[in-house]
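S.K.: Next come a sequence and a model predicted from it.
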Amino acid sequence: MEKQIISTAKAPAALGPYSQAVKVGNFVFTSGQIPLDPATGELVSGDVKKAAERSLENIKAILEEAGTSLDKVVKTTVFVKDMGDFAAVNEVYAKYFDKDMPARSCVQVILPKDALVEIEVIALAE
């Protein structure tokens with residue numbers, strides 16, 4: 001199996017030595033996406049719902065570049081700065097994954113740039 005690096009200007013560039021995503025065989029593995037606006041490079045902060053939405057829009061753009069979509073996601077990992085934001089993040093998450101829910105983990109962590117949320121996914125490739 002060959003490894004294909006996925007990159008799009010519709011999502012923020014990597015902050016370090018990693019790829020936005022890697023496609024291997026029938027799977028796409030995204031790197032975690034904090035809520036950076038790809039147009040401005042600015043971090044969405046202060047509102048965890050808007051932050052979660054930006055992270056998911058970044059994921060969506062990466063998956064589209066890889067030739068797949070959110071409905072093909074099989075596993076997500078959600079990292080939150082504060083587990084008290086769990087319900088608010090779930091509210092936004094449910095708008096993006098409204099049927100055939102992927103498996104998911106959610107943990108509280110310290111995030112790059114003091115972001116409120118970071119999300120990564122594994123999706124089936126088309």
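M.R.: Looks like it arrived, so ask away. For clarity, every value in this text was computed on a predicted model and none was experimentally measured. Numbers count the residues shown, from 1 in each chain.

S.K.: Helices of the protein, start to end?
M.R.: Using DSSP state H, the helices of the chain run over 48-65, 86-96.

S.K.: possible to save these as TSV with mean neighbour count and distance to residue 3?
M.R.: From N, CA and C alone the C-beta is placed, and that goes for glycine too. Shown next, in TSV, are the helices of the chain (neighbours: other CB atoms under 10 Å; distance: least, CB to CB, whole Å):
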stretch	mean neighbour count	distance to residue 3
helix 48-65	22	15
helix 86-96	16	27
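
S.K.: could you dump those to a markdown table with distance to residue 25?
M.R.: Below are the helices of the chain laid out as a markdown table (distance: least, CB to CB, whole Å):
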| stretch | distance to residue 25 |
| --- | --- |
| helix 48-65 | 16 |
| helix 86-96 | 25 |
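
S.K.: if we compare those helices, which one ends up closest to residue 2?
M.R.: For residue 2, the closest of those is helix 48-65, at 17.0 Å, according to CB to CB.

S.K.: what's the first-to-last distance across stretch 103-114?
M.R.: 26 Å (CA to CA, to the nearest Å).
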